[in-house]
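> Prediction below, plus the sequence it came from.
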Amino acid sequence: MRSGNPSHSDCSSSVTLTVSGARPQPVLTVSPLGQIFEGDSVTLRCEVKGASAGWRYYWYRTGQSRAGLDYVSYNDRWVYLQPLSDSSSGAGGNFTISAVTGTHRGPYWCRAERGDAHYYTQYSGAVTLTVSVRPWAVLTLEPDWTPVFTGETVTLHCQVQGSGDTDWRYRWYRGETQVHQTDSSTRDEVRYTISSVSYYHSGDYTCEGVRSGNPSHSDRSSPVSLTVSESVPQPVLTVSPPGQIFKGDSVTLHCEMKRDSPAGWRYYWYRESQSGSPVYKTDSSTGALRSSYTINPVSLSHFGQYWCRAGRGDAPYYTQYSGAVTLTVSVSDPLVLCVSESVPQPVLTVSPPGQIFKGDSVTLHCEMKRDSPAGWRYYWYRESQSGSPVYKTDSSTGALRSSYTINPVSLSHFGQYWCRAGRGDAPYYTQYSGAVTLTVSERPQAVLTLQPDWTPVFTGETVTLRCQVQGSGDTDWRYRWYRWYRGETQVYLTYLYTGDEGRYTISSDSYYHSGDYTCEGVRSGNPSHSDRSSPVTLTVSGARPQPVLTVSPLGQIFEGDSVTLRCEVKGASAGWRYYWYRTGQSRAGLDYVSYNDRWVYLQPLSDSSSGAGGNFTISAVTGTHRGPYWCRAERGDAHYYTQYSGAVTLTVSELLPRVNLTVDPPRVQQFIGSVVTLKCGGPGGSAGWTVKRYTKGQVEPSCSSHRGETTADGCFIRYTSESDSGVYWCQSGAERSSAVTLRVTGGHVILESPPQPVTEGDTLTLRCGLRGYRSDSAVFYKDGVELQPQTVRETTIASVSVTDQGSYSCKYSDWGESPESWVSVRGETPLCWTGLTDIQAPSLITNCNLICETKCC
């Protein structure tokens with residue numbers, strides 16, 4: 001109402017105000033329902049039922065008592081609530097834990113708030129998050145010996161532990177590749193059997209359980225290594241005692257596998273023919289690398305050739321036959337019975353004599369005097385004569401000497417040993433032999449290193465394998481190298497070496513040198529060999545690499561700008577030295593390459609120190625720097641060179657464009673949903689100029705989308721999306737302005753940097769933008785390095801120079817990091833303008849090659 005005419009207005013339509021008497025309490029729920037396991041994603045949802053508009057949500061856990069914290073009653077006691085995080089306002093709020101662990105167990109609360117006066121709801125009821133340990137898979141190899149040989153059968157047994165459920169199906173992996181799985185009809189099948197293994201089955205295997213219930217999968221098992229050898233082992237057959245054998249003697253045929261052979265063997269002996277049935281075999285797996293067949297007493301009918309072989313597994317895998325030994329039996333002289341009143345005493349000796357090393361084979365020989373009677377059994381004792389023997393012959397050997405072999409010997413076998421002999425049913429025992437002390441030492445260890453140590457190496461490079469024996473002061477070692485490729489095959493052996501190191505050099509490697517290498521030291525003394533080194537992997541790439549040459553900054557380059565050429569060998573960065581080239585005059589010593597359908601000679605410019613990549617910087621470009629550039633890299637004492645990179649053409653403009661494209665807001669990065677204005681302007685006005693955009697491999701009008709609106713001098717985008725990212729410029733006929741890059745991001749954080757190059761000497765201000773919030777805790781980065789230790793919302797460079805040119809970004813600790821943007825710095829502004837006649841932009845990531853036409857004002 002008022003004093004004039006009309007004196008009052010009509011009354012407004014009515015508005016209903018409904019006031020609820022109770023302060024609302026939100027409802028807190030957990031998703032998913034049911035049991036939750038470590039590693040699952042869990043979402044807490046807070047919602048105010050029936051009054052959803054305008055709320056902001058907050059979540060809480062129990063915390064330590066301090067000022068400013070609220071407290072609630074929980075399980076008959078008061079607990080303080082520590083805030084976790086908040087979400088934007090809406091009909092409901094979600095707080096998501098992407099991968100829960102045991103630390104996330106416990107009660108949670110939430111509440112909501114709205115309005116400028118900060119009206120808060122009550123706290124929700126407590127919801128307790130219970131996190132269970134995920135069941136885990138255990139993988140075992142049956143049989144568990146290694147290596148196995150081509151043709152054997154192995155079974156990988158997978159079992160899920162930590163779960164009482166039985167409806168698991170199983171998957172097996174070699175490396176990261178799935179090699180087998182059970183289907184729904186055989187979900188209780190826990191075995192993966194390889195009936196006839198080959199070398200290509202070698203590798204590290206894992207397994208996991210999967211099912212339709214919760215949890216849907218177990219943790220993957222620890223890896224189990226399967227090593228398959230292609231060489232078929234061959235045992236060695238020996239006769240004891242050696243020398244002449246007489247009728248009535250006891251003869252033992254020993255069948256022995258190599259020290260590094262796996263266990264689980266049964267042994268078979270053959271006479272006169274390998275094709276018939278064995279004359280003797282062990283009834284079951286002995287678990288040892290040696291077994292014996294004793295003939296007692298021997299007769300003339302035992303004369304002939306003998307072989308042995310070993311086998312293992314249910315459908316036996318057999319070794320090769322041993323070499324043949326011939327048993328010749330002679331008729332002995334008439335026996336003479338002699339009775340002696342003295343109690344005989346055997347002699348105990350150790351073979352080999354001297355120092356014994358862990359892993360050696362040691363034999364204790366118990367021997368009666370030559371004129372002693374026969375029919376003895378032999379007994380060996382350790383540490384005490386009063387206890388049970390550590391080893392004994394099961395029956396009378398009929399010989400005056402018997403042996404107890406420990407293979408392999410370990411540190412636990414250290415101590416004093418005795419032996420004695422006995423014969424008869426109620427045994428008559430000899431005296432104990434004199435004591436011998438068995439001292440077991442750790443075996444020296446070979447260490448293999450690769451020089452140089454970068455990987456991969458490329459065809460034609462030189463590599464050296466260096467083997468060194470540690471834990472031994474001796475220097476008379478010779479060295480052997482092995483490559484784990486198509487079985488364990490010795491590929492190189494040095495001759496006697498009087499220093500403390502050995503080298504195996506591959507002066508021009510190839511793809512076929514790839515593999516795992518080990519080495520060991522050998523010598524004529526004791527120990528006769530070291531432990532084998534851990535494997536070293538040599539990976540040889542079949543292709544000579546080609547480096548990638550890039551130019552920064554992207555876009556149009558003017559005289560006085562700072563330009564950097566960066567050369568990088570992708571995926572193999574160690575040890576490189578970099579060289580840059582331009583076209584030069586033909587002369588001896590220069591290489592040449594094909595460029596634009598002709599051959600050009602390359603003149604070297606400069607080199608950089610070695611590193612992950614090399615930079616060649618022209619601090620102020622001029623017209624003389626126009627033209628193509630190449631680079632290549634080199635490393636190693638033998639000077640191994642890569643291919644030349646592809647050519648990159650540097651185009652330098654003398655002038656500024658007559659028409660400029662301006663962006664409002666004046667920044668490269670924009671939030672999704674922003675309002676952006678693009679305008680063409682300059683001394684001659686904007687008539688006839690339109691805004692163009694390059695994106696997704698094609699040029700199109702910038703306002704071609706449903707969100708854009710063409711204006712008289714440019715384009716108005718009322719709601720930006722990520723599809724609006726691209727390179728923009730003004731165009732009139734064949735003329736074009738300089739280009740501007742826009743990047744639209746869906747993140748919370750952007751870097752506010754100028755879209756146009758900054759003139760040297762000007763002030764540069766960078767701000768860290770945060771969607772919908774304000775914070776003063778940003779950190780700024782240049783080329784990945786933090787600019788300053790303090791946290792601010794903006795940073796200013798008072799007088800920029802070409803050294804300030806680079807890639808910038810910023811970060812809020814609670815909200816994440818912005819994308820990177822390139823900031824260009826140019827020299828003094830030229831007095832003429834440039835009409836751009838062509839732009840070639842193969843992508844938003846690669847360089848834009850700008851071909852310029854110069855005109856004066």
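Cool, got the structure.
> Strands along the stretch 351-500 of the chain, start to end?
Assigned by DSSP state E, counting those that start in this stretch, the stretch 351-500 of the chain shows strands spanning 356-357, 362-367, 377-382, 391-392, 401-406, 415-423, 428-429, 436-438, 440-441, 445-451, 457-458, 463-470, 478-484, 488-493.
> got a list of what the closest residue to W265 other than its chain neighbours touches?
Nearest non-adjacent residue to W265, counting by Cβ to Cβ, 6 or more residues apart in numbering: A310, 4.0 Å away. C-beta: built from backbone N, CA, C; applies to glycine. Neighbouring residues of A310 by Cβ atoms under 8 Å, 6 or more residues apart in numbering: P233, P235, C255, M257, W265, R266, Y267, Y268, Y318, T319.
> So what are the sheet partners of the host helix or strand of A310 and their directions?
Element membership for A310 (DSSP states H and E) is strand 304-312. Sheet pairing of strand 304-312 (DSSP bridges) gives strand 266-271 (antiparallel), strand 317-318 (antiparallel), strand 325-327 (antiparallel).
> where among those is the average confidence lowest?
Ranked on mean pLDDT, the bottom entry among those is strand 317-318, at a mean of 84.
> which stretches of the stretch 251-400 of the chain have low pLDDT?
259-262, 284-287, 332-341, 370-374, 394-398 (pLDDT under 70).
> For C631, see how far away A112 is.
According to Cβ to Cβ, to the nearest Å, A112 stands 60 Å off from C631.
> ok, those two, which is more surrounded?
Between A112 and C631, counted using other Cβ atoms under 10 Å, the more crowded position is C631 (29 against 26).
> Quick check: closest non-adjacent residue to the more buried one.
Using Cβ to Cβ, 6+ apart, the nearest residue to C631 is C567, at 3.7 Å.
> cool, T649 as well?
P628 (5.0 Å).
> wait, isn't the one you found in contact with A647?
Yes. If you go by Cβ atoms under 8 Å, P628 and A647 touch, sitting 4.2 Å apart.
> Which neighbours do the two have in common?
Common neighbours of P628 and A647 (Cβ under 8 Å, 6+ apart) are Y595.
> got the strands of the stretch 351-500 of the chain as JSON lines, with mean neighbour count and distance to V663 columns?
Output for the strands of the stretch 351-500 of the chain, formatted as JSON lines (neighbours: other Cβ atoms under 10 Å; distance: least, Cβ to Cβ, whole Å):
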{"stretch": "strand 356-357", "mean neighbour count": "21", "distance to V663": "77"}
{"stretch": "strand 362-367", "mean neighbour count": "20", "distance to V663": "85"}
{"stretch": "strand 377-382", "mean neighbour count": "21", "distance to V663": "90"}
{"stretch": "strand 391-392", "mean neighbour count": "17", "distance to V663": "91"}
{"stretch": "strand 401-406", "mean neighbour count": "20", "distance to V663": "84"}
{"stretch": "strand 415-423", "mean neighbour count": "20", "distance to V663": "87"}
{"stretch": "strand 428-429", "mean neighbour count": "14", "distance to V663": "106"}
{"stretch": "strand 436-438", "mean neighbour count": "13", "distance to V663": "87"}
{"stretch": "strand 440-441", "mean neighbour count": "18", "distance to V663": "78"}
{"stretch": "strand 445-451", "mean neighbour count": "18", "distance to V663": "53"}
{"stretch": "strand 457-458", "mean neighbour count": "22", "distance to V663": "46"}
{"stretch": "strand 463-470", "mean neighbour count": "20", "distance to V663": "54"}
{"stretch": "strand 478-484", "mean neighbour count": "21", "distance to V663": "61"}
{"stretch": "strand 488-493", "mean neighbour count": "14", "distance to V663": "65"}
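> Quick check: which of the strands paired with strand 304-312 is buried the most?
Each of the strands paired with strand 304-312 was scored by mean neighbour count; the highest is strand 266-271, a mean of 22, by mean count of other Cβ atoms under 10 Å.
> CA atoms only: put that one into CSV for me.
Output in CSV follows, covering the C-alpha atoms of strand 266-271 (Å, rounded to 0.1, in the frame of the first residue of the first chain):
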residue,chain,number,x,y,z
ARG,A,266,61.7,-96.3,-7.1
TYR,A,267,64.7,-98.2,-8.4
TYR,A,268,64.9,-101.2,-10.8
TRP,A,269,67.9,-103.5,-11.7
TYR,A,270,68.2,-105.5,-14.9
ARG,A,271,70.6,-108.3,-16.0
